[in-house]
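Novice: The amino acid sequence is not available; the structure is as follows:
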């Protein structure tokens, strides 16, 4: 009987190790010291796009009642329209335009 418990524990450890409980190597963070300039640029643009969407949602009239703009309507917001007219290329790229 005692051998059965050891076998169960052994199988549990094998499953745990096999599913990533212990890893032979750690995944490197893309945003650490090895981040390339392209990766840093994409990260900055993604953060800017996220902040833009959050600002549009927080500053639109329905936000007081927690009624938010649908994803498909974000492109029609005045802020997004101003971004499309911007001289800043990053702003133009993340203007929420489907084009």
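Specialist: Perfect, I can see it now. Quick caveat: nothing in here was measured; it's all calculated off a predicted structure.
Novice: for the protein, what helix or strand is lowest in average pLDDT?
Specialist: None of the helices or strands of the chain scores lower by mean pLDDT, DSSP states H and E than helix 2-18, at a mean of 49.
Novice: Pull out the buried residues from the longest helix along the chain.
Specialist: For the chain, the helix that runs over the most residues, judged by DSSP state H, is helix 37-59. Across helix 37-59, burial judged by 16 or more other CB atoms under 10 Å covers 48-49, 52-53, 56. C-beta: built from backbone N, CA, C; applies to glycine.
Novice: which helices and strands sit right next to it?
Specialist: Applying 3 or more CB pairs under 8 Å, 6 or more residues apart in numbering; DSSP states H and E, we find helix 37-59 packed against helix 78-84, helix 89-93.
Novice: could you dump these to JSON lines with mean pLDDT, mean neighbour count and distance to residue 69?
Specialist: Below are those laid out as JSON lines (pLDDT from 0 to 100; neighbours: other CB atoms under 10 Å; distance: least, CB to CB, whole Å):
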{"stretch": "helix 78-84", "mean pLDDT": "81", "mean neighbour count": "15", "distance to residue 69": "10"}
{"stretch": "helix 89-93", "mean pLDDT": "78", "mean neighbour count": "13", "distance to residue 69": "19"}
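Novice: And those helices: which comes nearest residue 68?
Specialist: helix 78-84 (14.2 Å; CB to CB).
Novice: shaky segments in the chain?
Specialist: The model of the chain has pLDDT under 70 over residues 1-30, 98-99.
Novice: Now do the contacts for the spatially closest residue to residue 49 that is not a sequence neighbour.
Specialist: Excluding the flanking residues, the one nearest residue 49 by CB to CB, 6 or more residues apart in numbering is residue 94, at 4.3 Å. Under the criterion of CB atoms under 8 Å, 6 or more residues apart in numbering, the neighbours of residue 94 are 45, 48-49, 52, 83.
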